[in-house]
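*Asks:* No sequence on hand, only this structure:
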């Protein structure tokens with residue numbers, strides 16, 4: 001389990017830091033970099049007052065496309 005400090009390199013090379021993330025221990029051991037090069041198993045985004053809903057929806061759609069829950 002990670003908070004927004006955890007960073008993930010997506011298959012399209014974008015770097016993301018979701019608000020809350022879960023990655024199974026087995027999958028996490030597969031990465032050897034400072035930033036995990038994998039799609040998390042579970043992603044949670046929390047909308048704040050300053051978040052643009054359109055950009056948040058795009059980010060969520062990307063994770064769904066990459067098969068995160």
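*Replies:* Okay, I see it. Just so we're clear, the structure is a prediction, and the values are computed from it rather than from any experiment. Numbering: from 1, shown residues only.

*Asks:* so who does residue 53 touch?
*Replies:* For residue 53, the contact set (Cβ atoms under 8 Å, 6 or more residues apart in numbering) comprises residue 47. The C-beta positions use only the backbone N, C-alpha and C, and glycine is treated the same way.

*Asks:* Phi and psi next, for it.
*Replies:* Main-chain dihedrals, residue 53, degrees, to the nearest 10: phi -60, psi -40.

*Asks:* Kindly report the same for residue 20.
*Replies:* phi -140, psi 140.

*Asks:* gap between it and residue 40?
*Replies:* Distance of residue 20 to residue 40, computed by Cβ to Cβ, to the nearest Å: 9 Å.

*Asks:* What of residue 16?
*Replies:* Separation of residue 16 from residue 40 (Cβ to Cβ) stands at 9 Å.

*Asks:* Confidence-wise, which helix or strand of this structure is lowest on average?
*Replies:* strand 8-9 (a mean of 74; mean pLDDT, DSSP states H and E).

*Asks:* next SSE after that one?
*Replies:* strand 15-16 (DSSP states H and E).

*Asks:* helices and strands around that next one, which ones?
*Replies:* Strand 15-16 is packed against strand 8-9, helix 53-65, with contacts defined by 3 or more Cβ pairs under 8 Å, 6 or more residues apart in numbering; DSSP states H and E.
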